[in-house]
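> okay, predicted coordinates and the sequence, questions at the end:
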Amino acid sequence: MNQTKRVKRDVSGWVVLNKPYDMTSTEAVGKVRWLFAARKGGHAGTLDPLATGILPIALGEATKTVPQVQDGRKIYRFSVKWGEATATDDAEGEVVATSDIRSARGAVEAILPRFTGTIQQVPPAYSAIKVDGERAYDLARAGETVTLAAREITIEALRLLDHAEDRSSFEVECQKGTYVRSLARDIAEALGTRAHVIELHRAAVGPFTDAVAVTIAQLEAAAEGAARDALLKPVAAGLVGVPEIRLDPQQAAAIRHGNPVLLTGATAPVMLEDAWASFKGAAIATGYVEAGQFHPRRVIL
């Protein structure tokens with residue numbers, strides 16, 4: 001990208017980007033950081049270059065809440081082409097196997113319960129998983145045979161949206177670690193045929209959905225300064241779904257110094273593995289509750 005160097009600033013918040021086709025997640029972060037002149041930024045979960053959709057990008061202090069967003073549920077909509085398996089399980093790879101078998105809509109729908117719940121899934125050979133210190137896709141591109149172990153994943157919902165002889169579209173709601181390309185491959189094999197993903201759109205990551213997403217064009221069109229900053233979501237937006245601990249001024253001051261605070265009141269939690277603390281609606285720390293005390297893990301400035 002030919003971008004003019006500019007003075008960086010401390011800006012914090014979330015950009016819920018609708019990533020365009022053929023842009024890497026790293027390129028998207030770089031573009032957003034440049035548009036906001038942000039000193040610090042990162043994303044909450046890689047989205048393949050050939051996929052579109054939700055790429056949450058954290059700026060400044062929001063980077064401290066990336067794990068909470070990254071661990072949230074994800075919704076993908078994807079289309080498959082029946083009859084062809086590819087090396088990469090998507091449209092980028094060469095065709096490595098074919099089948100003339102085509103399944104009726106009822107047969108496809110009948111197989112889907114087999115792929116819901118907690119199941120075992122073998123990741124695609126072309127994935128970022130490391131094998132003896134090397135990325136699997138690097139080994140595969142070098143012509144090596146990559147054999148990856150099955151992993152446990154959780155698929156909460158899977159449904160067929162559209163069906164035709166040569167292609168079908170699905171929607172899947174799943175947890176972190178699920179490979180949609182593997183899911184398409186396995187559905188096809190269960191039907192006795194072959195398939196690969198030809199379209200992939202991520203519709204939700206944690207609390208962020210298509211409904212609140214912005215495009216690169218929208219960010220560029222907004223005047224630099226207040227208008228563009230208005231497209232940022234607050235740091236706390238990434239913590240929706242995580243238990244919130246509301247603090248008084250004295251407790252907030254203690255947390256900002258990295259100290260635990262005793263929670264009082266009839267409804268105060270005693271144990272929580274994950275929580276966040278707020279003061280006047282703003283996030284000031286992520287942490288956990290133990291023995292009735294909130295302990296900060298990351299203090300948000």
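Sure thing, it's come through. Note that this is a predicted model, so its numbers are computed, not measured.
> look up the pLDDT of the nearest residue to residue 130 once chain neighbours are set aside for me, please.
Of all residues not flanking residue 130 in the chain, residue 136 sits nearest, at 7.3 Å (CB to CB, 6 or more residues apart in numbering). Quick note: C-beta positions are derived from backbone N, CA and C, even for glycine. On pLDDT, residue 136 comes in at 83.
> how many residues are close by residue 136?
Neighbours of residue 136 under the rule other CB atoms under 10 Å: 20.
> equivalent analysis for residue 296, please.
22.
> dig out what it forms beta bridges with.
Beta-bridge partners for residue 296, by DSSP bridges, are residue 287.
> wait, isn't it in contact with residue 289?
No - with contact defined as CB atoms under 8 Å, residue 296 and residue 289 do not form a contacting pair (10.9 Å).
> got phi/psi on the residue most central in space within the chain?
Nearest to the mean C-alpha position of the chain, counting by CA atoms, centre = their mean, stands residue 45 at 4.1 Å. When read as degrees, to the nearest 10, the backbone of residue 45 gives phi 120, psi 110.
> was I right about it contacting residue 208?
No - if you go by CB under 8 Å, residue 45 and residue 208 don't touch, sitting 10.4 Å apart.
> overlap in contacts, those two.
Common contacts of residue 45 and residue 208 (CB atoms under 8 Å, 6 or more residues apart in numbering): 56, 69.
> what residue ranges in the chain are flagged as low confidence?
Scanning the chain for pLDDT under 70 picks out 1-5.
> any idea which strand is longest in it?
Taking DSSP state E as the criterion, the chain has its longest strand at strand 151-163.
> buried stuff in that one?
153, 155, 158, 160, 163 (16 or more other CB atoms under 10 Å).
> let's have the residues you listed in a markdown table, adding distance to residue 180.
Converted to a markdown table, those look like this (distance: CB to CB, whole Å):
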| residue | distance to residue 180 |
| --- | --- |
| 153 | 11 |
| 155 | 10 |
| 158 | 11 |
| 160 | 14 |
| 163 | 17 |
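> A strand includes residue 14, no?
Yes - membership of residue 14 in a strand is supported by DSSP: H, G, I helix; E, B strand; the rest coil.
> quick check: it vs residue 116, distance?
Residue 14 is 30 Å from residue 116, where distance means CB to CB, to the nearest Å.
> same check, this time on residue 181
Distance from residue 181 to residue 116, by CB to CB: 18 Å.
> higher neighbour count, these two?
Comparing residue 181 with residue 116 by other CB under 10 Å, the one with more neighbours is residue 181, at 23 against 16.
> dihedrals phi and psi, residue 97?
In terms of degrees, to the nearest 10, the main-chain angles of residue 97 are phi -160, psi 150.
> am I right that it is in contact with residue 193?
No - between residue 97 and residue 193 there is no contact under CB under 8 Å: 9.8 Å.
> those two - which one has more neighbours?
Set residue 97 next to residue 193 and count neighbours by other CB under 10 Å: residue 193 wins out with 19 against 14.
> my guess is that one contacts residue 82. True?
Yes - counting by CB under 8 Å, residue 193 touches residue 82, with 6.0 Å between them.
> list the residues that contact both of those two?
With CB under 8 Å, 6+ apart, residue 193 and residue 82 have common neighbours 99, 102, 103.
> and those, which is closest to residue 25?
residue 99 (32.9 Å; CB to CB).
> residue 145 versus the closest one, what's the distance?
For residue 99 relative to residue 145 (CB to CB), the value is 22 Å.
> and for residue 80?
For residue 80 relative to residue 145 (CB to CB), the value is 24 Å.
> same deal with residue 34?
In terms of CB to CB, residue 34 sits 41 Å off from residue 145.
> of those two, who's got more company?
Neighbours per residue, other CB under 10 Å: of residue 34 and residue 145, the larger number sits with residue 34, 16 against 7.
> part of a strand, is that one?
No - counting by three-state DSSP, residue 34 is not part of a strand but helix.
> wait, it sits on residue 6?
Yes - with contact defined as CB under 8 Å, residue 34 reaches residue 6; the gap is 7.3 Å.
> all strands for the stretch 1-150 of the chain, in order.
Ranges of strands in the stretch 1-150 of the chain, per DSSP state E, counting those that start in this stretch, are 13-19, 41-43, 52-59, 74-82, 84-86, 95-98, 117-121, 130-131, 134-135.
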